[in-house]
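Student: Here is my input; please provide its structure:
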Amino acid sequence: MPKTSPVTSVDSPDLVCRTSNKSPEATKILPVTAGSQLTVVWHHSSDADTDDVISPSHRGPCLVYMAPLESNGEGYAWFKIYEQGYDAATNLWCTDVVRQNHGKLNITIPTLINNGDYLLRTEMIALHNAKVINGAQFYPNCMQITVDGATYGSPDLYAIPGIYNANDPGIFFNVYASGAKASNYTIPGPPVYAP
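Tutor: Residues are numbered from 1 along each chain as shown. Sure thing, here's the model as predicted:
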């Protein structure tokens with residue numbers, strides 16, 4: 001059963017997937033075609049929960065990473081394929097958008113990667129307590145996918161933990177700030193892989 005409590009340390013091994021069991025026996029592997037859209041769905045605990053996706057106070061960015069399954073998510077294996085932070089035009093954070101979409105977020109699987117089995121790591125970062133160091137709450141989860149139809153690619157790889165520092169401007173941040181500060185929010189982590 002996946003954990004629903006957040007990770008609060010950028011150095012915790014739980015930052016990878018909030019579970020140590022990432023084996024194919026733990027979950028089924030979903031086949032996907034490179035270049036296709038995949039909808040990931042977040043739920044807090046149950047359909048009866050009024051904060052089904054995430055509490056409205058838990059505002060922040062969404063990020064998605066991939067790593068070859070054989071890496072088990074360890075070491076320099078991860079590359080970022082998606083990020084969404086704050087939209088000044090709508091005054092919405094990605095977590096707000098996901099809540100409005102009943103937990104759904106659409107992402108596109110890159111085409112310039114290798115075919116094969118991957119861990120797909122989705123993450124929401126709640127910034128409601130992030131005005132203090134180690135106040136940000138990380139909600140990562142992983143699933144397994146098999147990608148076909150891709151052409152060769154070589155994204156830069158990063159380690160998790162290791163992609164964030166506790167004092168990064170996108171981690172140590174007052175989400176209740178308004179105006180220019182919120183508009184200039186810096187999404188944490190490496191750049192999105194965009195060959």
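Student: wait, isn't Pro155 in contact with Asn114?
Tutor: No - with contact defined as C-beta atoms under 8 Å, Pro155 does not reach Asn114; the gap is 9.8 Å. Where C-beta positions appear, they are placed from N, C-alpha and C, glycine not excepted.
Student: So which of these two has more stuff around it?
Tutor: Shown here are Pro155 and Asn114; by other C-beta atoms under 10 Å, Pro155 has more neighbours (20 against 14).
Student: So that one: helix, strand or coil?
Tutor: Taken by DSSP: H, G, I helix; E, B strand; the rest coil, the conformation at Pro155 corresponds to coil.
Student: Next, the most centrally placed residue in the chain: phi, psi?
Tutor: Nearest to the geometric centre of the chain sits Glu123, at 2.4 Å (C-alpha atoms, centre = their mean). Main-chain dihedrals, Glu123, degrees, to the nearest 10: phi -150, psi 140.
Student: got it, and Pro161?
Tutor: phi -70, psi 160.
Student: residues contacting it?
Tutor: 10-13, 15-16 (C-beta atoms under 8 Å, 6 or more residues apart in numbering).
Student: repeat that with 7 Å
Tutor: 10-13, 15 (C-beta atoms under 7 Å, 6 or more residues apart in numbering).
Student: Alright, calling it a day.
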